[in-house]
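Novice: using only what follows, build the 3D model:
(4 chains)
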Amino acid sequence: MIRIEVGTDDFDIGDESLKVAGQGGGAIASFVGQVRDDGNLLSLELEHYPAMTQKALREIAETALSDWPLHAVTIIHRVGKLSVGENIVLVVTGSDHRKAAIESCSFIMDKLKTVAPFWKKETRADGETKWIEERASDVAASEKWGK
Amino acid sequence: MIRIEVGTDDFDIGDESLKVAGQGGGAIASFVGQVRDDGNLLSLELEHYPAMTQKALREIAETALSDWPLHAVTIIHRVGKLSVGENIVLVVTGSDHRKAAIESCSFIMDKLKTVAPFWKKETRADGETKWIEERASDVAASEKWGK
Amino acid sequence: MDRSITIIYFAWVRERLGVDQEQVKLSEGIETIGDILTMLSDRSAAHAEIFAAVEKLRFALDQDYGLPTSLIGSAKELAIFPPVTGG
Amino acid sequence: MDRSITIIYFAWVRERLGVDQEQVKLSEGIETIGDILTMLSDRSAAHAEIFAAVEKLRFALDQDYGLPTSLIGSAKELAIFPPVTGG
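Specialist: Residues are numbered from 1 along each chain as shown, chains lettered A, B, ... in the order given. Presented below is the predicted three-dimensional model:
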């Protein structure tokens, strides 16, 4: 029902969608976040707090399952060095209803961005590195759910 | 930028997501609708109005592209006989921003449900057939976008 | 001027009428979708019954949605069908 | 009673302090996360500077978010890090 993976391995969106679909319901929503090429970004280093990450992601998934009629929730988040174009995060939700699937997928991403203990450090083409800062728009998106 | 497919062939969610991701942006949202097992449903027969379907889907995709900052939109809708568990529809959107990707994916599904000329006839386990009726919740979901 | 238009039907409208499509001549005074429905209602009891409940039907003129009040103009195809249920 | 707690750091907090984690003894009167920050600020100029801007930091006690006013209780681990930026 809940599947959480945190590690360096890549994921296959098709496989993960099939697994969620196999747990019932006819509506499957998914979101994939990748390292976005913004012109001179080379890669990201994803750091996390292992003892807390699984717990934080599980709590988000459990909130989604209690607040929407879902059959399954999958959250996969990669860590380590990820180059431009590589997958970072995948969320898949399965429900009988498309509204529940899409809304809960959106909720999980918004919460993940502001609660799950991951940090990104970017490396630019010129070799410069910088820790990415929290964005006000992410905080606002998370708070609008009121949970 | 816009990819529309209507036919009997199945689709691969992973492949379609990759194609959208390849067109730029780090945020890919997708929705898959399948024939849902509700206890005694056997299959659906999907009929459409070929001369109008492509046009209607393209108009929806173009509205999404003009109203959200998207790199790519894919809409695939199957027709013909589809059994329980089979894929019916896939929408994939790619953007720099997750909000744009998820919202536009939701918009496309809501419009598709109420505008694109498809009709479903269900066959029950006892052999009975019935044309599925429009749902008020779908009409409301479509109208809330105000476009 | 001898105008004509192809009427095509889908889903239960098609099944209940027992025809996929029919060709009709548009005599003088037939200007709107509603006028066509009135004219077609003479063809059979099924036509009359189905077209009487116009709120259960949707219309497309040359693949664009229209209403019973929409002018036919030079359209070549009128599609008549129930509310759509794809997705 | 000899209480102690492990402090662990992440991202730029870790880099600027130059340590992943440190063990601290909690003397009498150290009851909140804020008390620990005050105590740690004596360790180095980097500690003092970082912990002075508490609004730029987030805290977790035994893997649950806390605030500077949160009581330490019997927690074994205090994590100090910048706002998260995953996803």
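Novice: rest of the way, CA atoms for contacts and neighbours
Specialist: Will do.
Novice: how about the secondary structure of the residue in chain C that chain D sits nearest to?
Specialist: As assessed by Cα to the nearest Cα, chain D sits closest to residue C:87 within chain C, at 29.2 Å. Three-state assignment for residue C:87 (DSSP: H, G, I helix; E, B strand; the rest coil): coil.
Novice: now for it, how many residues are close by?
Specialist: By the criterion of other Cα atoms under 10 Å in any protein chain shown, residue C:87 has 26 neighbours.
Novice: pretty sure it sits against residue B:112.
Specialist: Yes: counting by Cα atoms under 8 Å, residue C:87 touches residue B:112, with 6.4 Å between them.
Novice: state the number of residues packed around residue A:66.
Specialist: Counted by other Cα under 10 Å, the residues lying close to residue A:66 total 9.
Novice: now it: how far from chain D?
Specialist: Counting by Cα to the nearest Cα, to the nearest Å, the gap from residue A:66 to chain D is 20 Å.
Novice: now do the contacts for residue A:54.
Specialist: For residue A:54, the contact set (Cα atoms under 8 Å, 6 or more residues apart in numbering or on different chains) comprises A:4, A:5, A:6.
Novice: meant to ask about residue A:1
Specialist: Residues in contact with residue A:1 (Cα under 8 Å, 6+ apart) are A:23, A:71, A:72, A:73.
Novice: just give the nearest non-adjacent residue to the third one, would you?
Specialist: Spatially, and ignoring its direct neighbours in sequence, residue A:72 is nearest to residue A:1 (4.4 Å; Cα to Cα, 6 or more residues apart in numbering or on different chains).
Novice: nearest residue to the most centrally placed residue in chain A in space, ignoring adjacent ones along the chain?
Specialist: What sits nearest the mean C-alpha location of chain A, by Cα atoms, centre = their mean, is residue A:89, with 4.2 Å. Once flanking residues are discounted, residue A:89 sits nearest to residue A:77: 4.5 Å by Cα to Cα, 6+ apart.
Novice: quick one, strands of chain A?
Specialist: Along chain A, counting by DSSP state E, strands occupy A:2-7, A:27-34, A:41-48, A:70-78, A:80-83, A:87-95, A:118-124, A:129-131.
Novice: what comes up buried for the last one?
Specialist: Put plainly, it is strand A:129-131. Buried residues in strand A:129-131, counting neighbours by 16 or more other Cα atoms under 10 Å in any protein chain shown, are found at A:129, A:131.
Novice: and that strand, which strands flank it?
Specialist: Partners of strand A:129-131 in the sheet, by DSSP bridges, are strand A:118-124 (antiparallel).
Novice: give me the number of residues near residue C:44?
Specialist: Neighbours of residue C:44 (other Cα under 10 Å): 10.
Novice: chain A versus that one, what's the distance?
Specialist: Per Cα to the nearest Cα, residue C:44 is found 40 Å from chain A.
Novice: try residue C:85
Specialist: In terms of Cα to the nearest Cα, residue C:85 sits 14 Å off from chain A.
Novice: run a quick neighbour tally on that residue.
Specialist: Residue C:85 - counted by other Cα under 10 Å - has 24 other residues nearby.
Novice: so it makes contact with residue B:114?
Specialist: Yes: between residue C:85 and residue B:114 there is a contact at 6.9 Å, judged by Cα under 8 Å.
Novice: leaving aside the residues next to it on the chain, what's closest to residue C:3?
Specialist: Closest residue to residue C:3 apart from its sequence neighbours, by Cα to Cα, 6+ apart: residue C:26 at 5.3 Å.
Novice: and for residue C:73?
Specialist: residue C:31 (7.2 Å).
Novice: give me the pLDDT value at the one you found.
Specialist: pLDDT, residue C:31: 96.
Novice: equivalent analysis for the one 5 residues further on, please.
Specialist: Residue C:36 is assigned 97 on the pLDDT scale.
Novice: repeat for residue A:40
Specialist: At residue A:40, the pLDDT recorded in the model is 94.
Novice: stretch A:123-135: end-to-end distance?
Specialist: End-to-end distance of stretch A:123-135: 19 Å, with Cα to Cα, to the nearest Å as the criterion.
Novice: and the contacts of it?
Specialist: A:40-45, A:119-122, D:11-12, D:83-85.
Novice: report the buried members of those residues.
Specialist: Among those, those classed as buried by 16+ other Cα under 10 Å are A:41-45, A:119-122, D:11-12, D:83-85.
Novice: tabulate the residues you listed (a markdown table), appending distance to residue D:21.
Specialist: Listed next are the buried ones among the contacts of stretch A:123-135 as a markdown table, based on distance: Cα to Cα, whole Å:
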| residue | distance to residue D:21 |
| --- | --- |
| A:41 | 30 |
| A:42 | 29 |
| A:43 | 26 |
| A:44 | 23 |
| A:45 | 20 |
| A:119 | 17 |
| A:120 | 20 |
| A:121 | 20 |
| A:122 | 23 |
| D:11 | 12 |
| D:12 | 13 |
| D:83 | 18 |
| D:84 | 18 |
| D:85 | 21 |
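Novice: what's the closest of those to chain C?
Specialist: residue D:85 (35.3 Å).
Novice: for the closest one, what are its contacts?
Specialist: Residue D:85 touches A:113, A:114, A:117, A:118, A:119, A:120, A:132, A:133, A:134, counting by Cα under 8 Å, 6+ apart.
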